[in-house]
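Student: the following block contains a protein sequence and its predicted model.
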Protein chains: 2
Amino acid sequence: MGKYIYGIDLGGTTVKMGLFNGEGEILDKWEIVTRKEDSGSHILPDIADSIKQKNNEKNISTGDITGIGIGIPGPITEDGRVLKCANLGWGIFSVADELSRLTDVGNIKAGNDANVAALGEQWCGGGRGFDSIVMVTLGTGVGGGVIQNGRIITGANGAAGEIGHLKVNTGETCTCGCGGKGCLEQYSSATAIMRHARELVSETEEESYMRQFPKEKITGKEIFDAYKADDGLAKQVVAKFAKYLGLGLSHVAAVVDTQAFVIGGGVSKNGQVVIDVIREEYEKNVMFALKGKEFRLAELGNDAGMYGAVRMVLD
Amino acid sequence: MGKYIYGIDLGGTTVKMGLFNGEGEILDKWEIVTRKEDSGSHILPDIADSIKQKNNEKNISTGDITGIGIGIPGPITEDGRVLKCANLGWGIFSVADELSRLTDVGNIKAGNDANVAALGEQWCGGGRGFDSIVMVTLGTGVGGGVIQNGRIITGANGAAGEIGHLKVNTGETCTCGCGGKGCLEQYSSATAIMRHARELVSETEEESYMRQFPKEKITGKEIFDAYKADDGLAKQVVAKFAKYLGLGLSHVAAVVDTQAFVIGGGVSKNGQVVIDVIREEYEKNVMFALKGKEFRLAELGNDAGMYGAVRMVLD
């Protein structure tokens, strides 16, 4: 077994890279730019070059490398084939094979970024101590990852854990980015709660803590600060956020009966109050046998993907 | 490795027992009565006695037995601990340990009956050829079992696959058997469609094929026969059945991205039409990445549990 593992989180803007030892402890981390031009054809060569540079810097030979793990922002099969990744310009090909060819490292593990981050949180973050968690990332959209007995559930087309597109409101008339209507992320993403709060501020006269900010500066923080101060408009926003998220997580529990939900992404930075409002709605909706699940805040932030990528290699 | 495996499906009325060879082929099957009196304390001894009798009959020694698998009608952990099984009168104890003590067979595998039946269908029935299926049993209630890469997903408290209690209608005012409101099984079980059909026949004047039967004889068969004949009332019943089931299965897909749904239980005996109506609603509700899943009819009927029990031993 080699002495080093690279953990890589490939995002639409930057690639987060980490060098870990064989025990999975981080030794170094850095970022490179994600060059999306030319159908994303520079991305993997850039990553391979950065690994070679780090090898030179640290006197690491290829034989010292146990493996490379990488998280990709799109659906990917268990054997590492990307099934199209629109925001990188990628079509269908094997990331694992290609990265192996470019680096001369045989053991490459690739996974969807949300799933890999979930694995990182289960291993070293908010899900520590549980074998099975579901991670929920509340950011631009609502992402999810299902970890069962320490392993990612990938699904037939790499779309397991797509909980942002649970149809939680069959009466919705507005369309989600996915083309559907009534998806969870239309109500519970950071984007959704900001939009809702800004609408309420525009369309009502009601006094609100949030009115002291220019409308475009009202984000999750201002909303949850206002909520904690018992602000009427913020309560409406948080109620809708929690109602649909609690319902959606009750669906998740009925399918996999997870041990714990780990809540991450920008919205989760508002702390325990986020957990409290989600849990209350979860308990209202879920069947008796699934009540009382643990809810935890994510802990690794942007490093979760690197950790999860390394965990795939160690598995 | 021994030459024989016992596969047992423990139900509330009868225990279905099967003797299989080491390749998982069935050699013999029979039933015994489930004696629920005295807090179900006779059930496992009766099963052990029946196994011993069969061993004598076939000249099988304990050393020839690879293992015993058993499906239980209640929540059970991965290591075989029953967490209360109200309809057998059981509290909390290890079925695996107890059955091992009674039979002198070390290798005992126990699982929830719906999950074990799902494994049987994946191995030898409607799910043959797929690694990952979700089985949906449309009977008195709506049961479910999630098989991922050939293994049961049990969940933290043995409640994974409890899809009958997905809350698919937040506007419901009637209460489900579980105490919740708006559970899938309130709309899509055999019980639910019979109730709905009988109500429509009582409460409307509309002509219907179903009126030729005494109300208490209107079951899934009469409903689907009427549906195929373009009967207005039957169409209402089937529409509601399919609407909620399609929605519920879209939730299931978003969590585990299964390869195929296998539809079993009494309602599934009405054949391809059942698949067709469910699939139509599924496709309406599910996100693009999860469209086009396979839907199959279950094939093993009441034997699914025995097969799944044996599969657990072979794993």
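Tutor: Noted; the coordinates are in hand. Residues are numbered from 1 along each chain as shown, chains lettered A, B, ... in the order given.

Student: C-alpha from now on. contacts and neighbour counts both.
Tutor: OK.

Student: now A:F93: how far from A:V82?
Tutor: Remark: distance between A:F93 and A:V82 (Cα to Cα, to the nearest Å) = 6 Å.

Student: name the residue in the two with the higher neighbour count.
Tutor: Between A:F93 and A:V82, counted using other Cα atoms under 10 Å in any protein chain shown, A:V82 has the larger neighbour count: 25 against 14.

Student: which residues are in contact with the nearest residue to the more buried one once chain neighbours are set aside?
Tutor: Setting aside the residues directly before and after it, A:V82 is nearest to A:I76 in space (Cα to Cα, 6 or more residues apart in numbering or on different chains), at 4.4 Å. Going by Cα atoms under 8 Å, 6 or more residues apart in numbering or on different chains, A:I76 touches A:V82, A:L83, A:A110, A:G111, A:N112, A:T154, A:N157, A:G158.

Student: show me which of the residues you listed is closest to A:I60.
Tutor: Proximity of the contacts of A:I76 to A:I60 (Cα to Cα) peaks at A:A110, which lies at 22.1 Å.

Student: near chain B, which residues of the stretch 1-150 of chain A?
Tutor: A:S132, A:V146 (Cα under 8 Å from any Cα of the partner chain).

Student: only alpha carbons, please: show stretch A:257-270 as PDB.
Tutor: The C-alpha coordinates for stretch A:257-270 follow below in PDB (Å, rounded to 0.1, in the frame of the first residue of the first chain):
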ATOM      1  CA  ASP A 257     -34.400   4.500   7.300                       C
ATOM      2  CA  THR A 258     -31.100   6.400   7.700                       C
ATOM      3  CA  GLN A 259     -29.500   6.900  11.200                       C
ATOM      4  CA  ALA A 260     -28.900  10.600  10.800                       C
ATOM      5  CA  PHE A 261     -29.500  13.600   8.600                       C
ATOM      6  CA  VAL A 262     -26.500  15.900   8.100                       C
ATOM      7  CA  ILE A 263     -27.400  19.400   7.000                       C
ATOM      8  CA  GLY A 264     -24.900  21.400   5.000                       C
ATOM      9  CA  GLY A 265     -24.500  24.100   2.400                       C
ATOM     10  CA  GLY A 266     -24.800  27.900   2.900                       C
ATOM     11  CA  VAL A 267     -28.100  27.900   4.700                       C
ATOM     12  CA  SER A 268     -26.800  25.500   7.400                       C
ATOM     13  CA  LYS A 269     -24.300  28.200   8.500                       C
ATOM     14  CA  ASN A 270     -27.200  29.700  10.400                       C
END
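
Student: what sits up against that stretch?
Tutor: Looking at what lies outside stretch A:257-270 - Cα under 8 Å, 6+ apart - the contacts are A:121, A:126-127, A:130-139, A:148, A:189-190, A:220-221, A:224, A:274-275, A:290, A:293-299, A:301, B:154-161.

Student: same question, stretch A:183-197
Tutor: Counting by Cα under 8 Å, 6+ apart, residues outside stretch A:183-197 touching it are A:138-142, A:163-169, A:176, A:218-220, A:223, A:233-234, A:237-238, A:240-242, A:244-245, A:248, A:266-267.

Student: now for A:E199, how many residues are close by?
Tutor: When counting by other Cα under 10 Å, one arrives at 12 neighbours for A:E199.

Student: ok so it is a strand residue?
Tutor: No: judged by DSSP: H, G, I helix; E, B strand; the rest coil, A:E199 forms no part of a strand; its state is helix.

Student: tell me the spacing between it and chain B.
Tutor: Using Cα to the nearest Cα, to the nearest Å, A:E199 is found at 25 Å from chain B.

Student: the stretch 151-300 of chain A: strands as residue ranges?
Tutor: If DSSP state E, counting those that start in this stretch is used as the criterion, the strands of the stretch 151-300 of chain A fall at A:151-152, A:260-264, A:294-297.

Student: that's all I had, so thanks and see you.
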